[in-house]
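*Asks:* let me see the structure of the following:
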Amino acid sequence: MYPLTKDTPKPLLQVGKRPVLDYLMDRLNPIKELEHIYIITNDEFFSQFIDWKNSQTNSGMKIYILNDDSITNEDRLGAAGDLNFAFQNTREFSNALVAGGDNIFLFPFNDIWETFLKNNDHMIVALQDKNIDNLRQTGVLEISESNQVTRLYEKPETPPSHFFSPPLYFLKASAKEHLKKYMKNKDAMDASGHFVDYLCQRETVRAFKSKKGRLDIGNFESYQKADQILSQKITSL
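*Replies:* Numbers count the residues shown, from 1 in each chain. Next up is the predicted model:
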């Protein structure tokens, strides 16, 4: 994404004349049980996220911007590390919704959230893609007939299914301690999908299959495509 991300983080890039993060807020605001939103950033972009937070006047939730104090690629925590940083530096929770800030989800979260609240299991979203090359670049799920996620394979050469997991997780309180233990492992990987794989081998994780997808702001081509799609829409998603 360079040079677009030289001075602006991906979640604050303009897509369809709005910051990417605004689309995520559209999905979060209707969920009445959510009380607090925590956004993790590095030191370089901290002030920009503060400015964005101050522009949010319609959210009923308290928004906190957490600075992980990383300055370079060498000292960055990675996605799993930042999630652990958030879990260890925020208040206790019974249920948490975790989302990647560089994705625009094309479906509401309400049905998933309500299903999540009714059971004792963690949940992750499963989207379908039959393009093998695409699956080799993402986290692919191994799912049982009862929709239990048995494994999540990051960028597998031979994908075990056509279902992949975008960074959208619904986690119970026990995930906090599991993540803490995971991060102590010297072989812990920074991609959040590796932690999900770790979690589903220790507790029950269910897949919520959605027929609608997401716009991934992962590279310049996908960014342009998302901007073209959303620039044609008059109202927000």
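
*Asks:* what residues of stretch 187-204 count as buried?
*Replies:* Ala188, Met189, Ala191, Ser192, Gly193, His194, Phe195, Val196, Asp197, Tyr198, Leu199, Cys200 (16 or more other C-beta atoms under 10 Å). In this view, the C-beta of every residue, glycine as well, is placed from N, C-alpha and C.

*Asks:* out of the residues you listed, the closest to Ser94 would be?
*Replies:* The closest of the buried residues of stretch 187-204 to Ser94 turns out to be Leu199 (C-beta to C-beta; 16.8 Å).

*Asks:* the residue nearest to that closest one when sequence neighbours are not counted: which element?
*Replies:* Spatial nearest neighbour of Leu199, chain neighbours left out: His178 (5.5 Å); criterion: C-beta to C-beta, 6 or more residues apart in numbering. For His178, the host element (DSSP states H and E) is helix 174-184.

*Asks:* end to end, how far does stretch 9-27 reach?
*Replies:* 20 Å (C-alpha to C-alpha, to the nearest Å).

*Asks:* and the end-to-end length of stretch 147-163?
*Replies:* Length of stretch 147-163, first residue to last, C-alpha to C-alpha: 11 Å.

*Asks:* contact partners of it?
*Replies:* The set of residues external to stretch 147-163 that reach it, using C-beta atoms under 8 Å, 6 or more residues apart in numbering, is 124, 126-130, 132, 135-144, 165, 189, 191, 193-194, 196-197, 200-201, 204-209.

*Asks:* buried members of these into ChimeraX, please.
*Replies:* Here is the ChimeraX command that selects only those of the contacts of stretch 147-163 that count as buried (16+ other C-beta under 10 Å):
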select :124,126,127,135,138,139,140,141,142,143,165,189,191,193,194,196,197,200,205,206,207,208
